[in-house]
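structure for the following, please:
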Amino acid sequence: MPFESKNKDLIDKLQEALSVKRSTARVYASTLATLARNVNIPPEDVTSLTWLTKKRIVKFVSDVNNLTKRKNLASGIVAGLKVLKEKKIIQEYRQILMKADKDYTAFLVSGKRKRPYKNADKQWTMIRGLWKKVSSIVSTQKIFQRGESVNQQEYRTLMALAYLKFVSDMPVRRLEYASTRFWEGKDPPEGGNYILVKKRGPWVWSISEYKTFKTFGKQEFPITTGLRTILTKIRPITKAKNNDEYLFLNSRWRNMSRDLFSKFVGSVFRTYAGKPWTQNTIRSIKVSSVWKDSIKTIDALRISEEMAHDPRTAMIHYRN
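As a prediction, the model looks like this:
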């Protein structure tokens, strides 16, 4: 029995008015629906969005202590007010956003941010070798030999192997992996993430669907020989399970959403490293291990380009 879609009317309204992706509209709608419950807005009035203009909503958001939550609420409200074309009130929420950003940066620079790891260099070395543990499991269970008949749990193990090898050999990205798929032949459609399969020359990881695309544009990275070997074995299985050849699949053999992929990453590190780490933690460990000593400017620029963030982000948000 299919699940009933939540906030459908609100999602439709936001998507149409703002011309954003469905997933983006869904995030805004979820934020606004949660806010509405917290401030006792009747369910039948939520979709109208007119309640966002009330002064008590501004005060409620301003009083939220958690900086990330305050930013998310303000961003969702700004989206809703754009639908209403309420330019004057939008400025109040933009002020809230700017103050939250300022407070958050000050918090990070203060050195009070607790990190879920110690000794980034040691942890990064461990992470880089983690794929070998999964490879041993794949070999022992003879998963590749099962070919197209692998079950969901076995394919999940293969995904863990591919993901950890990506992390080991390639630039550590955000959640671009979730929408990555194999592509062979003519140039793929614009705006996606692809493993470009080539008969001659190295395979390439081509990335165009990511957070800072407007700054860095399409990025392409040659896939290492070791990762290519693993992907070559996985590809026929992937193709049998998903016509579009997405590498990371959910329990229905469809490509993972980024939210589900984020949970998958957490599960991988709990299972194979005993660590409660997220993809952002892995990026933090990577950058911190590089910045642990005095780093050359050219190296700082290179890693920032590969990971698609500003060098200042590395200094403020990641460096130990």
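
any stretches of this structure with poor pLDDT?
Along the chain, segments meeting pLDDT under 70 span 1-5, 67, 102-114, 291-305, 309-320.

could you rerun that using 50?
1-4, 112, 294-298, 317-320 (pLDDT under 50).

would you map the helices across the stretch 151-300 of the chain?
All helices of the stretch 151-300 of the chain, identified by DSSP state H, counting those that start in this stretch, fall at 152-169, 213-216, 225-241, 258-272, 279-291, 297-307.

any chance of those in JSON lines, plus mean neighbour count and distance to residue 45?
All C-beta spots, glycine's among them, are computed from the backbone N, C-alpha and C. Output for these, formatted as JSON lines (neighbours: other CB atoms under 10 Å; distance: least, CB to CB, whole Å):
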{"stretch": "helix 152-169", "mean neighbour count": "20", "distance to residue 45": "42"}
{"stretch": "helix 213-216", "mean neighbour count": "12", "distance to residue 45": "36"}
{"stretch": "helix 225-241", "mean neighbour count": "16", "distance to residue 45": "44"}
{"stretch": "helix 258-272", "mean neighbour count": "17", "distance to residue 45": "28"}
{"stretch": "helix 279-291", "mean neighbour count": "21", "distance to residue 45": "36"}
{"stretch": "helix 297-307", "mean neighbour count": "14", "distance to residue 45": "43"}
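
for those, which one sits closest to residue 14?
Within these, the stretch nearest residue 14 is helix 258-272; the backing value is 17.6 Å (CB to CB).

list of residues touching the closest one?
Helix 258-272 is contacted by residues 23, 130, 133-134, 156, 159-160, 163-164, 175, 177-179, 248, 250, 256, 275-279, 282 when judged by CB atoms under 8 Å, 6 or more residues apart in numbering.

closest one to residue 120 among the helices of the stretch 151-300 of the chain?
So among the helices of the stretch 151-300 of the chain, helix 279-291 is nearest, using CB to CB, at 3.5 Å.

who does that closest one touch, helix- and strand-wise?
On a contact count with 3 or more CB pairs under 8 Å, 6 or more residues apart in numbering; DSSP states H and E, helix 279-291 meets helix 120-128, helix 258-272, helix 297-307.

residue 140: which of those helices is closest?
helix 258-272 (14.2 Å).

next one: the closest one to chain centre, how far?
Relative to the centre of its chain, helix 258-272 is centred 11 Å away, using CA atoms, centre = their mean, to the nearest Å.

got the angle between that helix and helix 152-169?
Relative orientation of helix 258-272 versus helix 152-169 (axes from the mean of the first three to the mean of the last three CA atoms, to 10 degrees): 90 degrees.

tell me what angle helix 258-272 forms with helix 279-291.
Using the same axes, to 10 degrees: helix 258-272 against helix 279-291 is 70 degrees.

the residue of the chain most remote from its centre and residue 61, how far apart?
Outermost residue of the chain with respect to the C-alpha centroid, by CA atoms, centre = their mean, is residue 55; its distance is 33.9 Å. Between residue 55 and residue 61 the computed distance is 11 Å (CB to CB, to the nearest Å).

and if you look at residue 134?
43 Å.

quick check: the gap between the residue nearest the centre of the chain and residue 55.
By CA atoms, centre = their mean, the chain has its centre lying nearest to residue 175, at 2.9 Å. Using CB to CB, residue 175 is found at 37 Å from residue 55.

got it, and residue 172?
44 Å.

could you do residue 35 as well?
15 Å.

is the residue nearest to residue 179 when sequence neighbours are not counted in a bridge, and if so with what?
With sequence-adjacent residues excluded and distances taken as CB to CB, 6 or more residues apart in numbering, residue 179 is closest to residue 193, at 5.0 Å. Counting by DSSP bridges, residue 193 forms beta bridges with residue 180, residue 207.

alright, calling it a day.
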